[in-house]
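K.L.:
Take a look and give me a structure for this.
(2 chains)
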Amino acid sequence: MSKYKIVHYINQFYAGIGGEDMANYEPEKREGFVGPGQAFQGNLKSEAEITATIICGDSYYNENMEEAKNKILSMVKEENPDLFIAGPAFNAGRYGMACGDIASYVEKELGIKSITGMYIENPGVDSYKKNIYIIETKNSAAGMRKAVKSMSAFGLKLLNNEEILSPSEEGYIKRGLRKNIFVEKRGSERAVDMLIKKLKKEEFTTEFPMPEFDRVPPSPAIKDMSKAKIAIVTSGGIVPINNPDHIEASSASKYGKYDISRFKNLTCEDHETAHGGYDPSYANEDADRVIPIDVLRDMEKSNRIGKLHNYFYTTTGNGTAVANAKAFAAEIAQELISDGVDAVILTST
Amino acid sequence: MKLELGNIEITDIQFSNESRVKGSTLYVNKKEIENLILEDEHIKEVKIDIAKPGESTRITPVKDVVEPRVKVSGDGGVFPGVISKDETVGTGRTNVLKGAAVVTTGKIVGFQEGIIDMSGKGAQYTPFSQTYNLVLSCEKADDIKAHTYERAVRMAGLKTATYLGELARDIEPDNIESYETLPLMKSKEEFKGLPSVAYVQMLQSQGLLHDTYVYGVDAKQIIPTLIYPTEIMDGAIISGNCVSACDKNTTYHHQNNCVVHDLYKRHGKDINFIGVIITNENVYLADKERASNWTAKLADFLGVDGVVVSQEGFGNPDTDLIMNCKKIEEKGIDTVIITDEYAGRDGASQSLADADEKANAVITGGNANELITLPPMDKIIGHIDYVNKIAGGFEGNMTEDGSITVELQAIIGATNELGFNKLTAREY
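P.N.:
Alright, predicted model coming up:
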């Protein structure tokens, strides 16, 4: 059996080039292992071989991110490895950011499995744990032996396409990904067990730790509405009849942008809702009930608002992942700004 | 209030000239059921099928599932205020055709009906792959609105379940379970020393095809109130909703409310389960404030030490769930909440639409957005052409061989928030 090929990424310090004074060191590729790579090779034994090591200064990477990662990407591409290992970075912040970023980039761009290792408080953890597996390490290089051992073992599992178990079983940092599993007891029984523990002041583990919530402060009020350009954005699913872009009834993966410049009033002849979360009868009868074009046209005419924007944006809110909604909003907001829209009316269902 | 449930175990269902229960087989006269359903002018046509565990059968779009029961003794009849007269149920003896279920389907009402697969990968996510199902495919009369159709199909399911339940009236049950809840003060006296626990059941009441009925009353119009757990077993609460299939409580779920059953299991041993507070999930903020205020007040009034709160649906009702939890905790009462998650197909998104640090004891029925590919089935009952439109489906999710890819959301009961299943989600 031929050996798996691995490319290893380390910083200037671990390459023995120098400390902070050499942190601007530009990306360089060397054949075989360098520095901690030796220990990795020892752990990987005959199954895999570090064919090349890429070295880059931490300051260089963090200050020239685009350039650095593209240079490194082409180096990795030349080697065409089966696995890319970065670090471990322990608690070194800039090294952690570089390891997380390059490993994410290599995996995303080249489809090459990538891992790194960090201490739980390294800022690179929060930024990159969703993209790649980050093996948990101690906070300093004193934990090198253990880190290399667990990273090697995990890397080999990935290479052999073995099933990846839970974070605690495998030693990687929780990635914030919710995955379904079947357990021994039904939910109601687990709930009663948990309540009894809580009543007895015994320890229990919640199945879903509450997240921190984004709170968005409202923008300052518009002083003169008679000059304001207003747009409508809705999660109420109003679409031109027959839903031309097939926006999903639930868990939307896209949004639509539709021209309303010729409409004074929406009717069941021209618009309907694609939204799955409610009885669509009333919205389908008259889509103005969800996006009040008729009223806004009146207000435009009587100059209570400056102008109604020619397009409205729409998606279904029903079950749509927050990450999708955020991505839609970022794109929509950009377009609205470039179209000179002053304010948006958001309507739901 | 004391109720005995007499279970008659059903392990087969067959069509026959005469409807009856013999041994553990339920025999059904198709014609009589057709006639019963066609009494309603809103239903133009009905087709009746049988679906058994292990068969290569897919039922979709499923609206409701109902368990056949009959009141043998005690006041009133099943589904009070809807099928039977409005008498207080929950006492005496109720016989149950355990293992049998009535499943209603037909053209789509909203977008939110679901799938039941009787075998294959999807079967493990729905409890109704394990029941012997009589499936009613009800087609609506021309020119009737979605909500009228929904009501007609709902009534068809309840009427058929009542008809089948009657067959169990004079049959000696295979086993009898007994459930008793004492009046509050007596219960406190009897189980002195044990922590008192209530169950807060949130009922779907967002409206526009998201409704629940209590003794026939639309739950939107109730103020949170008290109910004996055994009343629920007699069909005091029924489903009228088309909330996403995975986390709607079908009427069957209400009849077999597992929180009630699991609290009873620990009753008199670890806890004193004193009863149920029912509340709603209306969409207006004022309604939410009022309902959660009342829920917390009732929990306080009852002097309980702890509550289990179950949710129904997702998104908008997440706010009711968190308000209930927060306000009950603020009364110094320990809470555990049961919900499910919409964390995106990759599981990386925020799971709930609301959160609070007081909600520190959460049970989850799993991530409803997770994708599943269901294998082709030999037989389809209902209409397969909606599986790309129902919530959890998407354009292009059907392949030519008949397999379909959906989010778990589309499977009836998959992430149920009464905690009916063994599914959960963990962080990876």
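
K.L.:
Every contact and neighbour count from this point should use C-alpha atoms.
P.N.:
Fine.

K.L.:
now the helices for the stretch 151-300 of chain B?
P.N.:
B:184-190, B:229-233, B:251-255, B:258-266, B:285-301 (DSSP state H, counting those that start in this stretch).

K.L.:
residues contacting residue 166?
P.N.:
Going with chain A. When contacts are counted by C-alpha atoms under 8 Å, 6 or more residues apart in numbering or on different chains, A:Ser166 is found next to B:427-428.

K.L.:
think we crossed wires, I meant chain B
P.N.:
B:69-70.

K.L.:
measure it to chain A for me?
P.N.:
When C-alpha to the nearest C-alpha, to the nearest Å is applied, the distance between B:Glu166 and chain A equals 30 Å.

K.L.:
What about A:Pro244, how many residues nearby?
P.N.:
The burial metric for A:Pro244, expressed as a neighbour count using other C-alpha atoms under 10 Å in any protein chain shown, is 9.

K.L.:
which one is the residue in the stretch 101-250 of chain A that chain B sits nearest to nearest to, not counting chain neighbours?
P.N.:
For the stretch 101-250 of chain A and chain B, the shortest gap (C-alpha to the nearest C-alpha) falls at A:Gly187, measuring 3.6 Å. Spatially, and ignoring its direct neighbours in sequence, A:Gly187 is nearest to B:Gly419 (3.6 Å; C-alpha to C-alpha, 6 or more residues apart in numbering or on different chains).

K.L.:
Kindly report the same for B:Ser244.
P.N.:
If you skip the residues right next to it in sequence, B:Ser244 has B:Gln112 as its closest partner in space, 4.7 Å away by C-alpha to C-alpha, 6+ apart.

K.L.:
And what about the one you found, helix, strand or coil?
P.N.:
Recorded secondary structure, B:Gln112: coil (DSSP: H, G, I helix; E, B strand; the rest coil).

K.L.:
count of residues packed around it?
P.N.:
Tallying neighbours of B:Gln112 according to other C-alpha under 10 Å, which is how burial is gauged here, yields 32.

K.L.:
where do the helices sit along the stretch 101-250 of chain A?
P.N.:
Assigned by DSSP H, counting those that start in this stretch, the stretch 101-250 of chain A shows helices spanning A:123-128, A:144-159, A:167-170, A:187-199.

K.L.:
taking these together, which one is wrapped up most tightly?
P.N.:
helix A:187-199 (a mean of 23; mean count of other C-alpha atoms under 10 Å in any protein chain shown).

K.L.:
and the angle for it with helix B:258-266?
P.N.:
In this structure, helix A:187-199 runs at an angle of 50 degrees to helix B:258-266, with axes from the mean of the first three to the mean of the last three C-alpha atoms, to 10 degrees as the basis.

K.L.:
contacts for helix A:187-199?
P.N.:
Applying C-alpha under 8 Å, 6+ apart, the external contacts of helix A:187-199 come out as A:203-204, B:195, B:258-259, B:262-263, B:270-271, B:305-308, B:334-338, B:361-365, B:417-424.

K.L.:
Would you pull up how far it lies from the middle of the chain?
P.N.:
The chain centroid and the centroid of helix A:187-199 are separated by 33 Å, computed with C-alpha atoms, centre = their mean, to the nearest Å.

K.L.:
do the same with stretch A:46-53
P.N.:
Taking C-alpha atoms, centre = their mean, one finds stretch A:46-53 lying 30 Å from the centre of the chain it belongs to.

K.L.:
pLDDT averaged over that stretch - what is it?
P.N.:
Over the span of stretch A:46-53, the pLDDT mean works out to 94.

K.L.:
now do stretch B:89-99
P.N.:
For stretch B:89-99, the per-residue pLDDT averages 98.

K.L.:
ok, residues contacting that stretch?
P.N.:
Stretch B:89-99 is contacted from outside by B:1-11, B:67-78, B:80, B:130-132, B:165, B:168-169, B:173, B:228-234, B:236, using C-alpha under 8 Å, 6+ apart.

K.L.:
Can you give me the neighbour number for B:Leu209?
P.N.:
Counted with other C-alpha under 10 Å, the neighbours of B:Leu209 add up to 23.

K.L.:
An error on my part: the question was meant for B:Phe191.
P.N.:
18.

K.L.:
Which secondary structure elements does the strand or helix carrying A:Ile6 sit against?
P.N.:
In the assignment (DSSP states H and E), A:Ile6 maps to strand A:4-11. Helices and strands touching strand A:4-11, by 3 or more C-alpha pairs under 8 Å, 6 or more residues apart in numbering or on different chains; DSSP states H and E, are strand A:48-56, strand A:83-86, helix A:93-110.

K.L.:
Tell me the first helix or strand C-terminal of that strand.
P.N.:
Using DSSP H and E, the next helix or strand after strand A:4-11 towards the C-terminus is strand A:28-31.

K.L.:
rewinding a little: let's see which of the contacts of stretch B:89-99 end up in strands.
P.N.:
Judged by DSSP state E, strands contain the following of those: B:2-9, B:69-73, B:132.

K.L.:
Quick check on these: which are buried?
P.N.:
A residue is treated as buried here by neighbour count (16 or more other C-alpha atoms under 10 Å in any protein chain shown); on that basis the buried members of the ones in strands among the contacts of stretch B:89-99 are B:2-9, B:69-72, B:132.

K.L.:
can you redo the ones in strands among the contacts of stretch B:89-99 as a markdown table with pLDDT?
P.N.:
Shown next, in a markdown table, are those (pLDDT from 0 to 100):
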| residue | pLDDT |
| --- | --- |
| B:Lys2 | 98 |
| B:Leu3 | 98 |
| B:Glu4 | 98 |
| B:Leu5 | 98 |
| B:Gly6 | 98 |
| B:Asn7 | 98 |
| B:Ile8 | 98 |
| B:Glu9 | 98 |
| B:Arg69 | 98 |
| B:Val70 | 98 |
| B:Lys71 | 98 |
| B:Val72 | 98 |
| B:Ser73 | 98 |
| B:Tyr132 | 98 |
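
K.L.:
Could you single out the nearest of those residues to chain A?
P.N.:
Using C-alpha to the nearest C-alpha, the ones in strands among the contacts of stretch B:89-99 come closest to chain A at B:Leu5, 19.9 Å.

K.L.:
my guess is the closest one meets B:Ser178, correct?
P.N.:
Yes. Assessed by C-alpha atoms under 8 Å, B:Leu5 is found in contact with B:Ser178 at 6.3 Å.

K.L.:
Find me the pLDDT at the residue nearest the centre of chain A, would you?
P.N.:
For chain A, the residue sitting closest to the mean C-alpha position, by C-alpha atoms, centre = their mean, is A:Lys130 at 6.3 Å. The predicted structure scores A:Lys130 at 90 on the pLDDT scale.

K.L.:
residues touching it, list them.
P.N.:
With contact taken as C-alpha under 8 Å, 6+ apart, A:Lys130 is in contact with A:175-177, B:348.

K.L.:
Specify the local secondary structure of the residue nearest to A:Gly187.
P.N.:
For B:Gly419, the secondary structure call by three-state DSSP comes out as coil.

K.L.:
Indicate whether stretch B:220-234 makes contact with chain A.
P.N.:
No. Applying C-alpha under 8 Å from any C-alpha of the partner chain, one finds stretch B:220-234 out of contact with chain A, separated by at least 14.8 Å.

K.L.:
Give me the buried positions along that stretch.
P.N.:
Applying a neighbour-count criterion of 16+ other C-alpha under 10 Å, one finds B:220, B:223-224, B:226, B:228-234 buried in stretch B:220-234.

K.L.:
quick revisit: same list, the ones in strands among the contacts of stretch B:89-99, but as JSON lines with distance to chain A please.
P.N.:
Output for the ones in strands among the contacts of stretch B:89-99, formatted as JSON lines (distance: C-alpha to the nearest C-alpha, whole Å):
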{"residue": "B:Lys2", "distance to chain A": "22"}
{"residue": "B:Leu3", "distance to chain A": "21"}
{"residue": "B:Glu4", "distance to chain A": "21"}
{"residue": "B:Leu5", "distance to chain A": "20"}
{"residue": "B:Gly6", "distance to chain A": "23"}
{"residue": "B:Asn7", "distance to chain A": "21"}
{"residue": "B:Ile8", "distance to chain A": "23"}
{"residue": "B:Glu9", "distance to chain A": "22"}
{"residue": "B:Arg69", "distance to chain A": "23"}
{"residue": "B:Val70", "distance to chain A": "26"}
{"residue": "B:Lys71", "distance to chain A": "26"}
{"residue": "B:Val72", "distance to chain A": "29"}
{"residue": "B:Ser73", "distance to chain A": "29"}
{"residue": "B:Tyr132", "distance to chain A": "21"}
